[in-house]
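**Q** got a predicted model here, sequence first, then my questions.
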Number of protein chains: 2
Amino acid sequence: MKTSRLPTAIDVAKRAGVSRSAVSRTFTEGASVSPETRAKVLAAAEDLGYRVNFLARGLIRQRTELVAMVVSDMDHSFRARLVDLLSRGLVNLGYRPVLLPWSEGDNPGQLIDMMLHYAVSGTIVTSDTPPGDIAAQCMQHGVPLVLVNKAPVDSNVARVVEDFESAGRLAADALAEAGCKRVAWAGQRRPSFTIGSRKAVFLDRLLDLGLDFVGDVTGARQNYAGGQEAAQAFLEHGLQADGVHCANDFLALGFMDGLRAAGVTIPGDLAVVGSDDIAEASWASYDLTTIEQRPEDLSQATLDALVDRIAHPAETARIRQVGVRLVRRGSTGAVRVASSSGRSRGG
Amino acid sequence: MKTSRLPTAIDVAKRAGVSRSAVSRTFTEGASVSPETRAKVLAAAEDLGYRVNFLARGLIRQRTELVAMVVSDMDHSFRARLVDLLSRGLVNLGYRPVLLPWSEGDNPGQLIDMMLHYAVSGTIVTSDTPPGDIAAQCMQHGVPLVLVNKAPVDSNVARVVEDFESAGRLAADALAEAGCKRVAWAGQRRPSFTIGSRKAVFLDRLLDLGLDFVGDVTGARQNYAGGQEAAQAFLEHGLQADGVHCANDFLALGFMDGLRAAGVTIPGDLAVVGSDDIAEASWASYDLTTIEQRPEDLSQATLDALVDRIAHPAETARIRQVGVRLVRRGSTGAVRVASSSGRSRGG
DNA sequence: ATTGGGCTTGCACACGTGTGCAACACGCCA
DNA sequence: TGGCGTGTTGCACACGTGTGCAAGCCCAAT
């Protein structure tokens, strides 16, 4: 039972007693074959274990069912979950996701190279920083593209973005509701597009609500370590704040741990509001109030956008907004609910 | 600047004033081309923006540079990190990882279908449960396969496994070192291969060390919620244990939170040892002693195995073992070190 | 009985590349 | 000068499929 060449359409045709065209048409969506021929072909194919060679098909059609998925920071659990959902969704649609990890400093050329090498059906970009002029390149070569949570580009490109207006507003409201008067913001020194937009709305809303903004505290990156750095800065600057909005949940958790190590109690001394609602935010040790961004919704909107883009490449691209929701938990003094029925996400 | 057909080798040949074969050979590793011809071809290719069509190449060579990556439970941060490292490594080797999410109950047929549809160079399986008879199928069709942390199969298949002997031993040693006398095990009802093996060694080692084993406490899955369920079971059974080894870190964290909510102090009343050393284990609120399994090592061993398998498909497959290490932290009463220089992983 | 239309079928070309084979050029040695 | 070996080149076939085109079939309507 060693490796022998795979059966081709010719083998199937021979066995079924029909022409090769009939085989091809049987496996082609919407082609014209009589039910009898179709049945004969399917039976023969089943017998031989025939599978269409997608390379040959792709060569002819100038398109494969591969989709490029450009991703960075996959060790962020929100991103990992999004990649998981996107890949599941793509497979269900009949596409095959090719995972292209990308970090700032990598060569963006290899991304467009891959897309053209394999004639992908489309591309999804979820990386934190946009890889070079990928939008222009995709447009030039007719590769449908969807950007997730990225800044606008001049090209005609489909985008999916968080409803950052609601996010910023809800964060400010949550702190106001917790009775805060003097508020700070914690995040990364160079905020990404989404977080920058959200912050701007947040600051505006603070004004509207009559709360004082006392300043930023930052870390190098928006992760747990960055949160600890921000906590350090918070303590060193002696910031007189009674509420903090953190750029994302990971950073918020590091921030909380950093403050607690110095004896600060949450929400006693300080209310904290995060963003994303990752699984860890609901853990009993943190019980973090946060702005939920459902990765399921983000994923679905992205898939919708991609399918739409593939079907109608010529039309002008839409922007899809994905809703957010405030999740009240202990870090703003909300009443704790029994947490044993917590989320099942997160390992 | 609308989408026009990509330049082919013929276009390049015409422009360079050589034959199409010369173009093909220029882009083929180890083919015979004179330096002058090569230079002319490369210049012309650069001018036209020529890229080899990998579909046509794959059709001829019966092989593409795609590698199937079968993954489940990507929302487990250890798995996500592994996928990240593997995909980076594959891309650096010139391969392109196709992400195939797989859950128990999915149709395993679609996996082997994909591999044959696209003539992949190889397959890596990292899913929790092995998808059907994928090993036999890959072997039959000559697809190089590497299994990561999976049970042996009868086919001749390369495997990468954690050094579970050391892992089980180190966990027992750590509890003994913490002064424990009566020890329990917390995990999932149906442990996976690695965890089952590790547990067996762990129990043996307890005997050798003269410690009492007082029983299992379990949750439905090995995640945070599963850990909380295990904690509930622990409390309800009134287990008189002073040390617990948890199947993995996520479960350990849920277990700790579940016990703490009931007033149990760690490590005062109970020492806890996890497994994996995910980023969250080092967080100040948990400070979990654990058995580190470096995803970098696991990834590298897997890539080595795959490359080896592709180069020498006929030889009998090796089993590669990846070392583990005990990381002493607060949950077993180790002295805390300043944690501000913590790991930068995890978002 | 004839005509027309709709569905099915087979032929043959096209997709873009790798590579065996023979031909050829060139330099070296006898 | 002739022969030989080494390195390069072009021709032509092969990889496995999709699909336009024309021919064929069957049935209903006139």
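**A** Thanks, I have the structure now.

**Q** DNA strand D versus residue A:44, what's the distance?
**A** 12 Å (CB to the nearest atom of the strand, to the nearest Å). Heads up, the C-betas are built off the backbone N, CA and C, glycines and all.

**Q** tell me the phi and psi of that residue?
**A** phi -60, psi -40 (degrees, to the nearest 10).

**Q** so it sits against residue A:16, correct?
**A** Yes: using CB atoms under 8 Å, residue A:44 is in contact with residue A:16, at 3.8 Å.

**Q** those strands in chain A, which residues are they?
**A** A:66-71, A:96-101, A:122-125, A:145-148, A:158-162, A:182-188, A:212-219, A:243-246, A:271-276, A:289-292, A:319-322, A:325-327 (DSSP state E).

**Q** apart from its neighbours in sequence, what residue is nearest residue A:243?
**A** residue A:180 (3.1 Å; CB to CB, 6 or more residues apart in numbering or on different chains).

**Q** revised request: answer the last question for residue A:277.
**A** Spatially, and ignoring its direct neighbours in sequence, residue A:277 is nearest to residue A:292 (3.7 Å; CB to CB, 6+ apart).

**Q** same question, residue A:229
**A** Per CB to CB, 6+ apart, closest to residue A:229 is residue A:219, 3.5 Å.

**Q** tell me what the one you found is bridged to.
**A** residue A:188 (DSSP bridges).

**Q** I figured it was touching residue A:251, is that so?
**A** Yes: counting by CB under 8 Å, residue A:219 does reach residue A:251; the two are 6.7 Å apart.

**Q** those two: which is more packed in?
**A** residue A:251 (31 against 25; other CB atoms under 10 Å in any protein chain shown).

**Q** let me know whether the more buried one touches residue A:220 as I believe.
**A** No: using CB under 8 Å as the test, residue A:251 is too far from residue A:220 to be in contact (10.7 Å).

**Q** list residues touching both of the two?
**A** Shared contacts of residue A:251 and residue A:220 (CB atoms under 8 Å, 6 or more residues apart in numbering or on different chains): A:188, A:226.

**Q** tell me, how many residues neighbour residue A:32?
**A** Using other CB under 10 Å, residue A:32 has 6 other residues around it.

**Q** could you find the closest non-adjacent residue to it?
**A** residue A:25 (6.6 Å).

**Q** ok, the residue positioned nearest the centre of chain A - contacts?
**A** Central residue of chain A (CA atoms, centre = their mean): residue A:82, 4.4 Å from the mean position. Residues near residue A:82 by CB under 8 Å, 6+ apart: A:126, A:148, A:295, A:298-299.

**Q** check contacts around the closest residue to residue A:126 other than its chain neighbours.
**A** Of all residues beyond its chain neighbours, the one nearest residue A:126 is residue A:148 (4.7 Å), with distances taken as CB to CB, 6+ apart. When contacts are counted by CB under 8 Å, 6+ apart, residue A:148 is found next to A:82, A:124-126, A:159-161, A:298, A:302.

**Q** okay, now residue A:152: neighbour count?
**A** Applying other CB under 10 Å, we find 12 other residues in the vicinity of residue A:152.

**Q** which non-adjacent residue is nearest it?
**A** Residue A:152 sits nearest to residue A:159 (CB to CB, 6+ apart), 7.0 Å away.

**Q** looking at the residue nearest to residue A:32 now. What's its pLDDT?
**A** Listed pLDDT for residue A:25 reads 96.

**Q** what separation is there between it and residue B:200?
**A** According to CB to CB, to the nearest Å, residue A:25 and residue B:200 sit 56 Å apart.

**Q** same drill for the two, tell me which one is more crowded.
**A** Under the criterion of other CB under 10 Å, the comparison of residue A:25 against residue B:200 puts residue A:25 first, with 18 against 14.

**Q** which residue, other than its chain neighbours, is closest to residue A:249?
**A** residue A:274 (4.1 Å).

**Q** ranges for the helices of the stretch 201-347 of chain A?
**A** A:224-236, A:249-261, A:295-311 (DSSP state H, counting those that start in this stretch).

**Q** quick check, the residue nearest to residue A:152 in contact with residue A:319.
**A** Yes: the pair residue A:159 / residue A:319 is scored as a contact, 4.9 Å apart, by CB under 8 Å.

**Q** tell me the pLDDT of the residue nearest to residue A:326 when sequence neighbours are not counted.
**A** In this structure, residue A:326 finds its nearest non-sequential neighbour in residue A:170, 4.5 Å apart by CB to CB, 6+ apart. You'll see residue A:170 listed with a pLDDT of 97.

**Q** just the one 4 residues further on next, same as before
**A** Per-residue confidence for residue A:174 comes out at a pLDDT of 95.

**Q** coming back round to it: show me what contacts the residue nearest to residue A:326?
**A** A:291, A:324-326.

**Q** using ChimeraX, define a selection of the buried residues within the residues you listed.
**A** To isolate the buried ones among the contacts of residue A:170 in ChimeraX, judged by 16 or more other CB atoms under 10 Å in any protein chain shown, type:
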select /A:291,324,326
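
**Q** ok, so of the contacts of residue A:170, who is nearest residue B:205?
**A** Nearest to residue B:205 among these: residue A:291, at 46.7 Å, using CB to CB.

**Q** measure stretch A:107-127 end to end?
**A** 14 Å (CA to CA, to the nearest Å).

**Q** for stretch A:310-327, measure first residue to last.
**A** Start-to-end, stretch A:310-327 (CA to CA) is 36 Å.

**Q** who touches it?
**A** A:121-122, A:142, A:144, A:156-163, A:166-167, A:170-171, A:173-174, A:277, A:281, A:289-294, A:297-298, A:301, A:304-305, A:308-309.

**Q** what residues of that stretch count as buried?
**A** A:310, A:317, A:320, A:322, A:324, A:326-327.

**Q** export these as JSON lines, with columns for distance to DNA strand D.
**A** Listed next are the buried residues of stretch A:310-327 as JSON lines, based on distance: CB to the nearest atom of the strand, whole Å:
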{"residue": "A:310", "distance to DNA strand D": "15"}
{"residue": "A:317", "distance to DNA strand D": "25"}
{"residue": "A:320", "distance to DNA strand D": "30"}
{"residue": "A:322", "distance to DNA strand D": "35"}
{"residue": "A:324", "distance to DNA strand D": "42"}
{"residue": "A:326", "distance to DNA strand D": "50"}
{"residue": "A:327", "distance to DNA strand D": "48"}
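
**Q** lowest-confidence entry in these?
**A** For the buried residues of stretch A:310-327, the least confident entry is residue A:317, with 92.

**Q** quick one, what contacts the spatially closest residue to that residue that is not a sequence neighbour?
**A** Of all residues beyond its chain neighbours, the one nearest residue A:317 is residue A:158 (4.0 Å), with distances taken as CB to CB, 6+ apart. The contact partners of residue A:158, taken as CB under 8 Å, 6+ apart, are A:144-147, A:305-306, A:308-309, A:317-320.

**Q** can you pull the contacts of residue A:27?
**A** Residue A:27 neighbours (CB under 8 Å, 6+ apart): A:45, A:52.

**Q** distance of it from chain B?
**A** From residue A:27 across to chain B, the span is 11 Å (CB to the nearest CB, to the nearest Å).

**Q** where do the contact lists of residue A:219 and residue A:251 overlap?
**A** Contacts common to residue A:219 and residue A:251, judged by CB under 8 Å, 6+ apart, are A:186-188, A:226-227, A:230.

**Q** between these, which sits nearest DNA strand D?
**A** residue A:188 (48.0 Å; CB to the nearest atom of the strand).

**Q** in stretch A:245-263, which residues are buried?
**A** Here stretch A:245-263 shows A:245-261 as buried, counting by 16+ other CB under 10 Å.

**Q** equivalent analysis for stretch A:142-153, please.
**A** Buried-residue list, stretch A:142-153, by 16+ other CB under 10 Å: A:143-150, A:153.

**Q** what of stretch A:8-17?
**A** Buried residues in stretch A:8-17, counted by 16+ other CB under 10 Å: A:8-9, A:11-16.
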